[in-house]
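Undergrad: 3D model of this:
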Amino acid sequence: MPSFNYEFPYASKKLPIFAENVVATSQHLASTAGLRMLAKGGNAVDAAIAAAAAITITEPTMNGIGSDAFCILWDGTKLVGLNASGHSPALMTPDKYAGMAAMPSVGWGTVSVPGAVSLWVELSKRYGKLPFADLFEPAIKYAHDGYRVSYLVARQWDAAIDRLKGQESWVKAFLPNGRAPKAGEIWKFPDQAKTLTMIAESKGESFYRGELAEKMDKYARETGGALRKEDLAAHKADWVDPLGLTYRGTTLHEIPPSGQGIGALMALGILENFDVADHDPDSATMAHLRIEAMKLAFADIWRYVSDPRFMEVTPKQMLDKGYLKSRAKLIDPKKAKNFGPGTPKDGGTIYLGAADASGMMISLIQSNYTGFGSGIVPPGTGIALQNRASGFVTTKGHPNEVGPQKRPYHTIIPAFITKDGKPVATFGLMGGAMQPQGHMQVFSRIVDYGQNPQAAIDAPRWRVHESDGTIWTESHMAPDTATGLEALGHKLTRQPWPNGAFGASQIIWKFPDGGPYLGASESRRDGAAVGF
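TA: Numbering: from 1, shown residues only. This is a model prediction of the structure:
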């Protein structure tokens, strides 16, 4: 991997920072919440939990207390993963969705057990230095005293109304004045302050086995939901070994299925079969190769990825270099193609990172899935329950078919980069199905071309879009690149900038030999990398 160049060829609002301790999130108040924990003597885990709790308040449009969450952590000696995604309720049986061509996106039928709180608890129990309750002080203050809503959050809030205006509990909780808060207005949410206080004081017990669990159970029973207190009590976060694929000497790590992170690894394993060094990183040729590699990866992950207990193939088979080489042979460098799944058994939010001076580094992601999630907010709690069960399919016999006590296909994927077994970077890019393709695009720019992390984040992105099958492109993509892609047969849908469809990334890069960290934060959002 070449040394970074410090050229910044793309329009950006930001430059990277350098510090011994860094927190990078998509919302600046959450970043400062994490930094406060580091200043108090906490470590990267303490900072990440504080930031994760705070961002449920300051960016409720993307996540909440009722989210799911994952993380990958370098604990100082080894890499570990934590899967805190929830299972579907025991009462979520296929017959409830009979006749539906696809899963709903709102309402109780989309709610699986929320797992983010369990991630906070597990991380603190195993790795935290500060008292658990201390980590919630910034979040509770933001919820109780209020904070001024940032521009993009206000815009996202307003955009959510059309989808959720029929959900009475959400309207009552998040539109108390009959509208979304405007940029710069103060937003207070005392119910969330009370809930976070209960979580802090009980170390999460209230959420899964106490008063908050009772409230969620009661509201579900009253309004036709499948979630029960028994489902909440049965939940636990699982420590897992991250998957890894080494691409041109540098390894990208992802959480194993039921998440889609394996798609980024597969796309890189396919791309590795092409000589890309002679191509300009922004050329139509390079974009075409990346797009076709990603299309091949999506064909497989949409067919095979599910709760691991129900998968027909293993991640090892899907990442086999021989298999990926055979898939690469399907790419025509001169023409866009449509691909079906292969047969490997024969051969996706908010994202944040934190790193401290001791060398501990954490990559963490949590999400309600679609904006505020299901639109279900049990009264008096401020808990916006996620709609992660929308990740299931209704296709009978599919490994990801909706059913009881299963983890759905997940879009949220933290990533981590190592080289020669040593930690290099916390890395993530949130945004639904954009996440694995964003991981691949940014990682390739850094490894293949030596672009520094901020430049790699700022570069124009494309998205193989799941809704219409076209390639969505950002308006600041070079005209020659866009027309070149169209000449190769790609149908483009151009989107204005900034657009949440292209995700948001944060990177903390560790320099070797005890050097500082570089923190880079997404230019398409109003977050920040901060440090000291």
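Undergrad: part of a helix, is residue 72?
TA: No - read with DSSP: H, G, I helix; E, B strand; the rest coil, residue 72 is strand and lies in no helix.
Undergrad: distance of residue 91 from residue 228?
TA: From residue 91 across to residue 228, the span is 7 Å (Cβ to Cβ, to the nearest Å). To be clear about C-beta, it is placed using only N, CA and C from the backbone, and glycine gets the same treatment.
Undergrad: Show me which positions of stretch 66-80 end up buried.
TA: Of the residues in stretch 66-80, 66-75, 79-80 count as buried by neighbour count, 16 or more other Cβ atoms under 10 Å.
Undergrad: What is the nearest of those residues to residue 168?
TA: Closest approach to residue 168 among those (Cβ to Cβ): residue 66, at 16.6 Å.
Undergrad: Would you check that the closest one makes contact with residue 373?
TA: Yes - with contacts counted by Cβ atoms under 8 Å, residue 66 reaches residue 373, the gap being 6.4 Å.
Undergrad: Please enumerate the shared neighbours of the two.
TA: Common contacts of residue 66 and residue 373 (Cβ atoms under 8 Å, 6 or more residues apart in numbering): 384-386.
Undergrad: taking those residues one by one, which sit in helices?
TA: Counted as lying in helices by DSSP state H, out of the shared contacts of residue 66 and residue 373, is not a single one.
Undergrad: quick one, what contacts residue 344?
TA: By Cβ under 8 Å, 6+ apart, the residues touching residue 344 are 300, 304, 313, 317-318, 320, 323.
Undergrad: Among these, name the buried ones.
TA: Taking 16+ other Cβ under 10 Å as the criterion, what is buried in the contacts of residue 344 is 300, 304, 313, 317-318, 320, 323.
Undergrad: farthest-separated two in those residues?
TA: 304 and 320 (13.2 Å).
Undergrad: For residue 27, see how far away residue 146 is.
TA: Applying Cβ to Cβ, the value for residue 146 to residue 27 is 15 Å.
Undergrad: So what's the residue count around residue 266?
TA: 30 (other Cβ atoms under 10 Å).
Undergrad: elements contacting the strand ranked longest in the chain?
TA: Criterion DSSP state E: the longest strand present in the chain is strand 422-430. Packing partners of strand 422-430 (3 or more Cβ pairs under 8 Å, 6 or more residues apart in numbering; DSSP states H and E): strand 350-355, strand 361-367, strand 415-419, helix 434-449, strand 504-510.
Undergrad: Would you mind getting the angle between the fourth one and strand 350-355?
TA: What it means is helix 434-449. 40 degrees (axes from the mean of the first three to the mean of the last three Cα atoms, to 10 degrees).
Undergrad: helices or strands up against the next helix or strand after helix 434-449?
TA: Downstream of helix 434-449, the next assigned helix or strand under DSSP states H and E is helix 453-458. On a contact count with 3+ Cβ pairs under 8 Å, 6+ apart, helix 453-458 meets helix 434-449, strand 504-510, strand 517-521.
Undergrad: if you set the cut-off to 10 Å instead, what comes out?
TA: In terms of contacts (3 or more Cβ pairs under 10 Å, 6 or more residues apart in numbering; DSSP states H and E), helix 453-458 is packed against strand 422-430, helix 434-449, strand 504-510, strand 517-521.
Undergrad: how about the shortest one: buried residues?
TA: When you say that, I think you mean strand 517-521. In terms of neighbour count (16+ other Cβ under 10 Å), strand 517-521 has its buried residues at 517-521.
Undergrad: Nearest to residue 341, out of the helices and strands packed on helix 453-458?
TA: So among these, helix 434-449 is nearest, using Cβ to Cβ, at 15.5 Å.
Undergrad: what is the mean pLDDT for the closest one?
TA: Here helix 434-449 scores 96 as its mean pLDDT.
Undergrad: Am I right that residue 469 is in contact with residue 339?
TA: No - with contact defined as Cβ atoms under 10 Å, residue 469 does not reach residue 339; the gap is 11.9 Å.
Undergrad: which of the two has more neighbours?
TA: Counting neighbours by other Cβ under 10 Å for residue 469 and for residue 339 shows that residue 339 has the greater number, 15 against 11.
Undergrad: Count the neighbours of the residue lying closest to the more buried one once chain neighbours are set aside for me.
TA: Computed as Cβ to Cβ, 6 or more residues apart in numbering, the closest residue to residue 339 that is not its neighbour in sequence is residue 299, at 4.7 Å. As a burial measure, residue 299 scores 19 neighbours (other Cβ under 10 Å).
Undergrad: residues in contact with residue 299?
TA: Residues in contact with residue 299, defined by Cβ atoms under 10 Å, 6 or more residues apart in numbering, are 263, 266, 327, 330, 338-342.
Undergrad: Confirm that it sits in a helix.
TA: Yes - with three-state DSSP as the criterion, residue 299 is assigned to a helix.
Undergrad: For residue 370, list the residues it contacts.
TA: Counting by Cβ under 10 Å, 6+ apart, residue 370 touches 62, 105-106, 110, 160, 163-164, 386-388, 390, 411, 432.
Undergrad: Tally up the residues packed near the closest residue in space to residue 91 that isn't next to it in sequence, please.
TA: Spatial nearest neighbour of residue 91, chain neighbours left out: residue 226 (3.9 Å); criterion: Cβ to Cβ, 6+ apart. If you count neighbours by other Cβ under 10 Å, residue 226 ends up with 20.
Undergrad: confidence score at the closest residue to residue 531 other than its chain neighbours?
TA: Distances taken as Cβ to Cβ, 6+ apart place residue 19 nearest to residue 531, at 2.8 Å, with adjacent residues excluded. As predicted, residue 19 sits at a pLDDT of 96.
Undergrad: Is residue 19 in contact with residue 355, as I believe?
TA: Yes - taking contacts as Cβ under 10 Å, residue 19 lies within contact range of residue 355: 9.1 Å.
Undergrad: got a list of what residue 42 touches?
TA: Residue 42 is in contact with 21, 34-36, 48-50, 128-131, 134-135, 354, 356, counting by Cβ under 10 Å, 6+ apart.
Undergrad: Filter these down to the buried ones.
TA: 21, 34-36, 48-50, 128-130, 134-135, 354, 356.
Undergrad: buried set for the host helix or strand of residue 31?
TA: Per DSSP H and E, residue 31 falls inside helix 28-39. Neighbour-count burial for helix 28-39 flags 28-38 (criterion: 16+ other Cβ under 10 Å).
Undergrad: Need those residues in JSON lines (columns: pLDDT and distance to residue 248).
TA: Output for the buried residues of helix 28-39, formatted as JSON lines (pLDDT from 0 to 100; distance: Cβ to Cβ, whole Å):
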{"residue": "28", "pLDDT": "93", "distance to residue 248": "34"}
{"residue": "29", "pLDDT": "96", "distance to residue 248": "38"}
{"residue": "30", "pLDDT": "97", "distance to residue 248": "34"}
{"residue": "31", "pLDDT": "97", "distance to residue 248": "32"}
{"residue": "32", "pLDDT": "97", "distance to residue 248": "37"}
{"residue": "33", "pLDDT": "98", "distance to residue 248": "37"}
{"residue": "34", "pLDDT": "98", "distance to residue 248": "32"}
{"residue": "35", "pLDDT": "97", "distance to residue 248": "34"}
{"residue": "36", "pLDDT": "98", "distance to residue 248": "39"}
{"residue": "37", "pLDDT": "98", "distance to residue 248": "36"}
{"residue": "38", "pLDDT": "98", "distance to residue 248": "33"}
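Undergrad: quick check, nearest of those residues to residue 181?
TA: residue 29 (14.4 Å).
Undergrad: how close does that closest one get to residue 361?
TA: Using Cβ to Cβ, residue 29 is found at 22 Å from residue 361.
Undergrad: before we move on, back to that, roughly how far apart are the residue nearest to residue 339 and residue 320?
TA: Separation of residue 299 from residue 320 (Cβ to Cβ): 16 Å.
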